[in-house]
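Participant: Fold the stuff below for me.
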Amino acid sequence: MFDNTVNTLAAIPAAIVNFYHEEVRSEPTGNQVSESYTYEDENGVTQSSTRMVDEYADVTYVVENTHAQGTSWSQVDNIIELRAGTLPNVVDSFIGFALETEDWEYHDSYLEYLAIEPQADDAKYLEEVPESDPVEYVYDYTTDHAAWVADAPVQDADVTVAQWKIDNYQKLRKAAYGDWSTQLESIYDDETNWRAHIASVRALYPSS
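Facilitator: Numbers count the residues shown, from 1 in each chain. As a prediction, this is how the structure comes out:
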């Protein structure tokens, strides 16, 4: 609806303006203008002249921000199970991707919402109730538009990767600790090393 269109951010609804940026592109206007240039004649003497060239002008476009391919929370759960104890930076990346996916789902739902905005010039708002006196209309634009405004999608509170990890520290710790059989073997082999591992996991995934 807005992506890659000639416009400015001022034309984007405030609810989704952060999903876009402006790009200025130099484009031909279809006109030609006179341009001065110099050249050397057959005798090697520098000469000045003019020629007609295509005219260009700066045009501002509204462009969607780039974003990663959609990542689901089930994918995040899989990565946590596999990598929470070994590659925490990879886990952080997937959490960030999933949070970004949620943001873009909101963006897409808002575009769908905009597409169904009631229009005052819609023929339906001229449909009269049969035999009404005074004339009444089957549909009321003001009522419908007010209902549409009230039904606007609401974006969830912005959650950072760090906050998500705090909110889900138990899941992250459980995966990083390892299964019980592995832990029991570790305790048997070297309890001090096991305790150090538990402490490192707690430090990596704090509860607050």
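Participant: Going by C-alpha atoms from here, please, whenever you check contacts or count neighbours.
Facilitator: Fine.
Participant: Mind splitting the chain into its structural domains?
Facilitator: 5-64, 73-120+155-204 (automatic domain parsing).
Participant: Out of those, indicate the one that is most buried.
Facilitator: Mean neighbour count (mean count of other CA atoms under 10 Å) peaks for domain 73-120+155-204 among the domains of the chain, with a mean of 16.
Participant: measure it end to end?
Facilitator: Domain 73-120+155-204 has an end-to-end distance of 21 Å (CA to CA, to the nearest Å).
Participant: Let me see the mean pLDDT of it.
Facilitator: Rounded to a whole number, the mean pLDDT of domain 73-120+155-204 is 92.
Participant: Please list the outside residues in contact with the strand or helix carrying residue 182.
Facilitator: Using DSSP states H and E, residue 182 maps to helix 180-189. Identification of contacts with helix 180-189 by CA atoms under 8 Å, 6 or more residues apart in numbering yields 177, 193, 194.
Participant: what residues are up against the second one?
Facilitator: It refers to residue 193. 186, 187.
Participant: cool, residue 139 as well?
Facilitator: 124, 125, 126, 127.
Participant: Tell me the strands beside whichever strand in the chain runs longest, with direction?
Facilitator: Determined from DSSP state E, the single longest strand within the chain is strand 20-40. Using DSSP bridges, the strands paired with strand 20-40 are strand 46-64 (antiparallel).
Participant: now the partner strand: how far from the chain's centre is it?
Facilitator: Counting by CA atoms, centre = their mean, to the nearest Å, strand 46-64 is centred 34 Å from the centre of its parent chain.
Participant: do stretch 70-86 as well
Facilitator: On CA atoms, centre = their mean, the centre of stretch 70-86 falls 21 Å from the chain's centre.
Participant: try stretch 127-135
Facilitator: Counting by CA atoms, centre = their mean, stretch 127-135 comes out at 47 Å from the chain centroid.
Participant: Touching it from outside, list them.
Facilitator: Contacts for stretch 127-135 (CA under 8 Å, 6+ apart): 136, 137, 138, 139.
Participant: Tell me the one of the contacts of residue 139 nearest residue 81?
Facilitator: residue 124 (54.9 Å; CA to CA).
Participant: List every C-alpha atom in the helix holding residue 182, with coordinates, as PDB.
Facilitator: Extracted in PDB, the C-alpha atoms of helix 180-189 (Å, rounded to 0.1, in the frame of the first residue of the first chain):
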ATOM      1  CA  TRP A 180      18.900 -35.000  34.400                       C
ATOM      2  CA  SER A 181      20.900 -38.000  33.400                       C
ATOM      3  CA  THR A 182      23.700 -35.800  32.100                       C
ATOM      4  CA  GLN A 183      23.600 -33.700  35.200                       C
ATOM      5  CA  LEU A 184      23.700 -36.800  37.500                       C
ATOM      6  CA  GLU A 185      26.700 -38.100  35.600                       C
ATOM      7  CA  SER A 186      28.400 -34.600  36.000                       C
ATOM      8  CA  ILE A 187      27.700 -34.600  39.700                       C
ATOM      9  CA  TYR A 188      29.200 -38.000  40.000                       C
ATOM     10  CA  ASP A 189      32.200 -37.200  38.000                       C
END
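Participant: and after that helix, which helix or strand comes next?
Facilitator: helix 191-204.
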